[in-house]
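Asker: sequence and predicted model, in that order:
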Number of protein chains: 2
Amino acid sequence: MPFAARLNNVETSAIRELFKLLGKPGIISFAGGFPDSAMFDVAGIQEAANLALKEEPGGALQYGATEGYEPLRMQLAAFMHTKGVKDLQPNDLIVTTGSQQALDLLGKTLIDPGDKVIVEAPTFLATIQCFRLYGADLVTAPIDANGVQVDKLEALIKQHKPKFVYLIPTFGNPSGATLSKERRLKVLELAARYKTLVVEDDPYGDLYFGEPPPPSLLALSSDVPGSREWIAHCGSMSKVLSPGLRVGWMIAPPELLAKATMCKQFSDAHTSTFAQATAAQYLKAGRMPDTLARVRKVYAERAQAMGDALEKELGDAIEFTRPNGGLFFWAQLTGAGGKVKDAGELAKRAIEKGVAFVPGAPFYAREPDRATLRLSFATVGVDRMVEGVQRIGKSI
Amino acid sequence: MPFAARLNNVETSAIRELFKLLGKPGIISFAGGFPDSAMFDVAGIQEAANLALKEEPGGALQYGATEGYEPLRMQLAAFMHTKGVKDLQPNDLIVTTGSQQALDLLGKTLIDPGDKVIVEAPTFLATIQCFRLYGADLVTAPIDANGVQVDKLEALIKQHKPKFVYLIPTFGNPSGATLSKERRLKVLELAARYKTLVVEDDPYGDLYFGEPPPPSLLALSSDVPGSREWIAHCGSMSKVLSPGLRVGWMIAPPELLAKATMCKQFSDAHTSTFAQATAAQYLKAGRMPDTLARVRKVYAERAQAMGDALEKELGDAIEFTRPNGGLFFWAQLTGAGGKVKDAGELAKRAIEKGVAFVPGAPFYAREPDRATLRLSFATVGVDRMVEGVQRIGKSI
């Protein structure tokens, strides 16, 4: 059967192969990008689902508007208000089937084969593949501990005139890096000056450990004249409440939002109204602040434990910056003393020793740095953290 | 903002504009493609959702496999067994976010811009738009009361060498027509002979009023050597249980299924596990046979009432064949005695008189028949049916 040419742009990820090995008994896994199931507020979600079916069974079970279930759009607008986006109306956002679908809709709406799109190096693996399926020619902007390097980003925008720029400014995946407020303002100026859409993917911003991160690009856009109309923002319930609901949202300028809605109509008609009505009831019940406080505390402890263990057990074999939130450490093998410097090689050895992580190379759309690796602390309890890192130590 | 060229292939549907008028108080609507909310088994779904959260909360709320939640795949395979598909394994199907997503994945996986795809004239509106977004050049095959005309279909396959053929063989939308068993076997022979994929979209097959329809193309494919590998089958919980769950499924040859799964990974990662686990528990509880018996009975009564009213009230102004299942009557204005023959014009007048239906023209990918209209009896009680049809009569 002859498949569409667009499939030639992607390949089944090397990570998928790695994940097949995770079923081995006794493996300590730093490999996932998952939140910890043990922290799901099952009782709260159950109560919300029952309330949704009791109060408006038709709304929860019938076909719904492609744009989203109105009570959820209202709750999400209110949720964004609490995060500093003051002037948002329910009509300014659409509900998506996870934020992965927001990326897909952006690709479908905007990308013609051959179009340039700028992403961070490294960036979220499924973003790379999603945009490539629409034929994007990805250009990579370098990052450091403060996020994307804005001077280099500006040069790339001028050179490539991209269809859009895609950033994960807060607790990036895989980098864990957070774009400084100063750089955020600069990115907004670039968006306005070059009339270039900037897509802000923000699934992790609520998962901070100490001080909150700088406001989102969307929130700050009201401070930079002319920038708001060049910002699209993707949010998600997946990391803070439950990935299984598949409830994300996208905020974008009206014309883009209308086109994305049309594309969504023919992609899946609408996101599960049952899941949407459940999420709406959950938010309405006012449980989210407590849920966020709880997950922040647990992830902060685990991040602390992982950072301490990496320093103590691996010493000069790796370099890393401790993240201030999110789910990930991003590290670089130094090769000090002739030790292993290829993270793919190390990942294979580590599986043998009973610990898994993800090598960093696949997160680069171009020119991978093979010394990098991503470690998630999200699903490993503090008691198992040292053991897991020690196993990596034995593999190095 | 410059949008992708593919958006030029579609337009916001004329029907959407019509639907905005449905909020008018007192309107009797034959316009929707919806099942009746009043028939949803809310208690059964609630019990299933609670059981899903109780028995495996992690599975229902965490990220899941792109292919689908394993217990649901097992239940769906068993469900297909009851419908005559005997040799199906859970791995032979993937769960999709409604069957609309199955269409989208087929488009993404198979259609290159300019590829020919054969559809029935008329066919499901969202299919037309979905395939056009991927650049399909749609070719239309004529139908009659026994479904697609297979001799003409064969000629079109020979002439156009399409990427695939898309059919709704059972209680078609909008036609209500059902492909005879004889023609089904012929379609399977064509698939095998010309090595042409045939997509069978089957959301309505369970909604029969009297005798069951002929077995699905998929079920019959075991009788026609070499045909099974050229059949993809899309199923859905939407019309029989609840559209709001957004649970559909696709059965396809292994290589196509693998490519579609990869595309789905970057479209929405997976279908809501909460909705999937709920559907799995519902099927496991054994409630489906009673649910199906109940909806069949109610829709049969409404179809009978609509057919009687159309004959009595509209006389020679329209022609139609009574459907044996599904949700729709498909009718043609005759223009007898100088009466209105343009269904778009009639639809406007009818809204003024307090009744809505959908003109047939948008259901044609090419050369619309403007005398046609689609009438859904699904959401109108028997007591209101005569009144609704009388209002159409006054508009004619």
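Answerer: Yep, it's here. Numbering: from 1, shown residues only, chains lettered A, B, ... in the order given.

Asker: ok, which stretches of the stretch 201-350 of chain A are helices?
Answerer: A:217-220, A:254-268, A:273-284, A:288-309, A:343-353 (DSSP state H, counting those that start in this stretch).

Asker: which residues touch the shortest one?
Answerer: Where contact means Cβ atoms under 8 Å, 6 or more residues apart in numbering or on different chains, the residues beyond helix A:217-220 that reach it are A:80, A:83-86, A:167, A:169, A:181, A:184-185, A:187-188, A:198, A:200, A:214, A:228, A:231, A:233, A:251. No exception for glycine: its C-beta is placed from N, CA and C like everyone else's.

Asker: right, is stretch A:273-281 up against chain B?
Answerer: Yes - if you take Cβ under 8 Å from any Cβ of the partner chain as the test, stretch A:273-281 does meet chain B, through A:Thr273, A:Phe274, A:Ala275, A:Ala277, A:Thr278.

Asker: ok, residues contacting that stretch?
Answerer: With Cβ under 8 Å, 6+ apart, stretch A:273-281 has contacts from A:45, A:47-49, A:51-53, A:55-56, A:59-64, A:68-69, A:71-72, A:74-75, A:95, A:237, A:241, A:245-247, B:45, B:49, B:242-246, B:272, B:274-275, B:278.

Asker: quick one on the thing from earlier: would you tell me which one of the residues of stretch A:273-281 next to chain B comes nearest to chain B?
Answerer: A:Thr273 (3.7 Å; Cβ to the nearest Cβ).

Asker: so what's the closest one closest to, chain neighbours aside?
Answerer: Using Cβ to Cβ, 6 or more residues apart in numbering or on different chains and skipping residues adjacent in sequence, the residue nearest A:Thr273 is B:Gly244, 3.7 Å away.

Asker: residues from the stretch 251-396 of chain A in reach of chain B?
Answerer: Residues of the stretch 251-396 of chain A lying near chain B (Cβ under 8 Å from any Cβ): A:253, A:255-256, A:259, A:262-263, A:265-275, A:277-278.

Asker: need the buried ones from these selected in ChimeraX.
Answerer: A single ChimeraX command selects the buried members of those (16 or more other Cβ atoms under 10 Å in any protein chain shown):
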select /A:256,259,262,263,265,266,267,268,269,270,271,272,273,274,275,277,278
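
Asker: just list the residues touching A:Thr291, thanks.
Answerer: A:Asp41, A:Gly44, A:Val240, A:Leu241.

Asker: oops, could you answer that again for A:Asp137 instead?
Answerer: By Cβ under 8 Å, 6+ apart, the residues touching A:Asp137 are A:Gly114, A:Asp115, A:Lys116, A:Val117.

Asker: pLDDT value on the residue nearest to A:Thr273, please?
Answerer: What the model reports for B:Gly244 is a pLDDT of 96.

Asker: cool, the one 4 residues further on as well?
Answerer: Predicted confidence (pLDDT) for B:Gly248: 98.

Asker: surely it touches B:Val240?
Answerer: No - between B:Gly248 and B:Val240 there is no contact under Cβ atoms under 8 Å: 11.5 Å.

Asker: what is the neighbour count of the nearest residue in space to A:Arg322 that is not next to it in sequence?
Answerer: What sits nearest to A:Arg322 in space, not counting adjacent residues and going by Cβ to Cβ, 6+ apart, is A:Gly307, at 4.6 Å. Using other Cβ atoms under 10 Å in any protein chain shown, A:Gly307 has 18 neighbouring residues.

Asker: which parts of stretch A:322-341 are buried?
Answerer: For stretch A:322-341, by 16+ other Cβ under 10 Å, it's A:Pro323, A:Asn324, A:Gly325, A:Gly326, A:Leu327, A:Phe328, A:Phe329, A:Trp330, A:Ala331, A:Gln332, A:Leu333, A:Lys341.

Asker: and the end-to-end length of that stretch?
Answerer: 20 Å (Cα to Cα, to the nearest Å).

Asker: now stretch A:278-292
Answerer: Span of stretch A:278-292 from end to end, Cα to Cα: 18 Å.

Asker: check contacts around A:Gln101.
Answerer: Applying Cβ under 8 Å, 6+ apart, the residues contacting A:Gln101 are A:Arg246, A:Gly248, A:Lys264, A:Ser267, A:Asp268, A:Thr271, B:Ser267, B:Asp268.

Asker: take those and lay them out in JSON lines including distance to A:Ala141.
Answerer: Output for the contacts of A:Gln101, formatted as JSON lines (distance: Cβ to Cβ, whole Å):
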{"residue": "A:Arg246", "distance to A:Ala141": "29"}
{"residue": "A:Gly248", "distance to A:Ala141": "24"}
{"residue": "A:Lys264", "distance to A:Ala141": "28"}
{"residue": "A:Ser267", "distance to A:Ala141": "29"}
{"residue": "A:Asp268", "distance to A:Ala141": "31"}
{"residue": "A:Thr271", "distance to A:Ala141": "31"}
{"residue": "B:Ser267", "distance to A:Ala141": "26"}
{"residue": "B:Asp268", "distance to A:Ala141": "27"}
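
Asker: and of those, the nearest to B:Pro162?
Answerer: A:Ser267 (22.5 Å; Cβ to Cβ).

Asker: ok, now which ones touch the closest one?
Answerer: A:Gln101, A:Asp104, A:Leu105, A:Lys108, B:Gln100, B:Gln101, B:Asp104, B:Cys130, B:Ser267.
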